[in-house]
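>>> Structure for this input, please:
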Amino acid sequence: MRRYDRLRHILRLDPVEDCEEIFRLIVTREFPWDTARALEFALYRTYAVPSIGRLLAETAELTERSQKRYDDTALLLDALIEHGHSSPEGRTAIRRVNQMHRSYDISNDDMRYVLCTFVVVPVRWLESYGWRALTAHERTAVATVYRQLGKLMGIREVPEDYEGFARFLDEYEAAHFGYDEGGRAVSDATLDLMASWYPGPLAPFARRAALALMDEPLLRAFDYRTPPAWLRHTARGALRLRGRAVRLVLPPRRHPHFARQNSQIRGYPNGYALAELGTFPGACPVPHPASPADREERAAQESRGVREGRAAMEERAAMEERADRFGGAAEGGSPATGPDGAVTTGGPEHEEQ
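Have a look, this model is predicted:
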């Protein structure tokens with residue numbers, strides 16, 4: 001196989017009807033390493049929105065159990081990538097995500113923004129550091145996958161296309177990025193987690209390199225000093241050099257590489273069950289005093305929310321019914337997944353490119 005043969009195959013697929021297959025090829029064959037790093041930064045950006053960063057700090061999931069939160073998020077998304085939304089594994093992963101989110105007071109706009117980061121940040125990362133950028137055909141497929149996921153999560157007013165996702169992300173960050181002590185605490189804990197993945201002498205440099213990759217609005221939101229120009233040039237130049245090396249030196253990947261095979265996943269050496277990932281809170285454990293803005297938003301939600309909520313629930317139920325009727329493990333199932341949903345980690349494939 002030559003370097004661009006898989007892209008030629010992708011371009012022969014329909015970006016809407018075959019969106020999940022295209023997405024799977026992008027994430028597990030073309031760009032597994034880049035996708036993992038980009039999604040890390042995608043989630044990280046969300047902490048700069050005070051309402052998100054504050055909530056995550058209050059739950060302590062990312063300050064006291066950061067490795068588990070990282071593992072669970074990556075593995076739930078991994079199931080959707082490998083098996084698709086309508087598969088038994090995909091439905092279990094979506095059910096877990098919805099159960100967790102319903103336990104907290106999260107606005108629709110915050111949910112929509114987080115979804116946008118999953119679409120836009122990886123595309124922009126590949127434009128800057130990948131061995132190639134995504135084509136418009138591939139961007140359409142990625143946006144379609146996440147648009148479908150957003151509907152299954154009950155998110156309202158999901159953007160129609162990639163340009164809509166990018167526009168909403170940029171406008172939301174411009175309006176909402178700002179400093180919050182909780183967001184800063186979550187940011188510090190995440191940087192500490194990333195540094196812990198490297199040998200001791202390299203850990204401080206790993207943290208500084210992560211800061212060097214951040215843009216100015218993100219640095220300002222967390223009240224971090226702007227790294228020196230030489231460090232920013234070095235960190236970004238190293239990633240671009242890596243991208244060229246993948247394109248010109250390394251052979252195309254012949255086997256898929258999934259997140260569960262990454263060395264950064266450390267919490268489940270003996271495997272895991274999708275239905276047991278994540279948290280299991282009951283009512284929202286975080287107190288929410290009713291400010292005037294809260295009361296106004298809740299009044300507006302109550303005026304239209306009952307019908308919209310019922311419509312979303314009916315839509316999710318209909319999609320799950322269709323999935324139950326037509327679904328099944330993608331590509332004949334996975335040898336790593338047992339009948340009870342248990343998944344083994346690792347594998348013979350080498351570390352992702």
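>>> Poorly predicted segments of the stretch 151-300 of the chain, please.
Residue ranges of the stretch 151-300 of the chain with pLDDT under 70: 282-300.
>>> can you give me the strands for it?
Counting by DSSP state E, counting those that start in this stretch, one finds strands in the stretch 151-300 of the chain at the ranges 272-273.
>>> Tell me which stretches of the stretch 1-150 of the chain form helices.
5-12, 19-25, 32-46, 50-59, 66-83, 88-102, 108-129, 136-152 (DSSP state H, counting those that start in this stretch).
>>> how far away is A221 from G278?
26 Å (C-beta to C-beta, to the nearest Å). Backbone N, C-alpha and C define where each C-beta goes, glycine included.
>>> quick revisit: who wins for proximity to H233 among the helices of the stretch 1-150 of the chain?
Among these, the nearest to H233 by C-beta to C-beta is helix 108-129 (13.3 Å).
>>> what packs against the closest one?
Judged by 3 or more C-beta pairs under 8 Å, 6 or more residues apart in numbering; DSSP states H and E, the packing partners of helix 108-129 are helix 32-46, helix 50-59, helix 136-152, helix 162-176, helix 229-248.
>>> Dump those to TSV, plus distance to P15.
Listed next are the helices and strands packed on helix 108-129 as TSV, based on distance: least, C-beta to C-beta, whole Å:
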stretch	distance to P15
helix 32-46	18
helix 50-59	30
helix 136-152	4
helix 162-176	10
helix 229-248	23
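>>> And these: which comes nearest R12?
Using C-beta to C-beta, the nearest of the helices and strands packed on helix 108-129 to R12 is helix 136-152, at 9.8 Å.
>>> List the buried residues in stretch 11-24.
Judged by neighbour count using 16 or more other C-beta atoms under 10 Å, the buried positions of stretch 11-24 are 13, 15, 18-24.
>>> Same check on stretch 193-208?
193-195, 207.
>>> mind exporting it as CSV, just the C-alpha atoms?
Below are the C-alpha coordinates for stretch 193-208, written out as CSV (Å, rounded to 0.1, in the frame of the first residue of the first chain):
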residue,chain,number,x,y,z
LEU,A,193,-1.4,14.3,34.3
MET,A,194,0.1,14.8,30.9
ALA,A,195,3.6,15.3,32.4
SER,A,196,3.2,12.1,34.4
TRP,A,197,3.1,10.1,31.2
TYR,A,198,6.8,10.9,30.6
PRO,A,199,10.0,9.8,32.5
GLY,A,200,10.8,12.1,35.4
PRO,A,201,13.5,14.2,33.8
LEU,A,202,11.2,14.9,30.8
ALA,A,203,8.1,15.7,32.8
PRO,A,204,8.8,19.5,33.3
PHE,A,205,9.6,19.9,29.6
ALA,A,206,6.4,18.1,28.7
ARG,A,207,4.4,20.6,30.7
ARG,A,208,6.2,23.5,29.2
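>>> Residues contacting that stretch, please?
40, 66-67, 70, 191-192, 210, 227, 231, 263-264 (C-beta atoms under 8 Å, 6 or more residues apart in numbering).
>>> The closest residue to D71 other than its chain neighbours: neighbour count?
Spatial nearest neighbour of D71, chain neighbours left out: G267 (4.3 Å); criterion: C-beta to C-beta, 6 or more residues apart in numbering. Neighbourhood size, G267 [other C-beta atoms under 10 Å]: 15.
>>> Then P227?
If you count neighbours by other C-beta under 10 Å, P227 ends up with 19.
>>> now swap in the one 4 residues further on and tell me
The burial count assigned to L231 is 15, neighbours taken as other C-beta under 10 Å.
>>> How about I10?
For I10, using other C-beta under 10 Å, the count is 23.
>>> residues contacting it?
22, 25-26, 135, 137-138.
>>> swap the cut-off to 6 Å and go again
Going by C-beta atoms under 6 Å, 6 or more residues apart in numbering, I10 touches 22, 25.
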